[in-house]
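1. from the sequence below, what's the structure:
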Amino acid sequence: MAPRPVPDPFALSREQRRRGARVVASAADDAGDCATLLAILGLNPADGLTAPEGGL
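-> Sure thing, here's the model as predicted:
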């Protein structure tokens, strides 16, 4: 019997990724700073463009 996969306790929901990317973008000094911060957090700019869960 194969072992069950263990869920990642640090996995973010789509909504958490969206909000995180938007917070970083609003707090960054410039585009380079924003890109660096997003990369450090494992996010990408497209995460901030997704619609909230449940639609608009």
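2. look up how far D30 lies from T36.
-> 10 Å (Cβ to Cβ, to the nearest Å). For the C-beta atoms, the positions are set from N, CA and C on the backbone; glycine is no exception.
3. which residue of the two possesses the greater neighbour count?
-> T36 (13 against 8; other Cβ atoms under 10 Å).
4. per-residue confidence for that one?
-> T36 carries a pLDDT value of 95.
5. could you dump the helix or strand hosting it to PDB, C-alpha only?
-> Per DSSP states H and E: T36 is located in helix 31-41. The C-alpha trace of helix 31-41 is given here as PDB (Å, rounded to 0.1, in the frame of the first residue of the first chain):
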ATOM      1  CA  ALA A  31       9.000  47.200 -10.000                       C
ATOM      2  CA  GLY A  32      12.400  45.600  -9.200                       C
ATOM      3  CA  ASP A  33      11.600  45.700  -5.500                       C
ATOM      4  CA  CYS A  34       8.200  44.100  -6.100                       C
ATOM      5  CA  ALA A  35       9.700  41.400  -8.300                       C
ATOM      6  CA  THR A  36      12.300  40.500  -5.700                       C
ATOM      7  CA  LEU A  37       9.700  40.400  -2.800                       C
ATOM      8  CA  LEU A  38       7.300  38.300  -4.900                       C
ATOM      9  CA  ALA A  39      10.100  35.800  -5.700                       C
ATOM     10  CA  ILE A  40      11.200  35.600  -2.100                       C
ATOM     11  CA  LEU A  41       7.600  34.700  -1.100                       C
END
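6. good, wrapping up.
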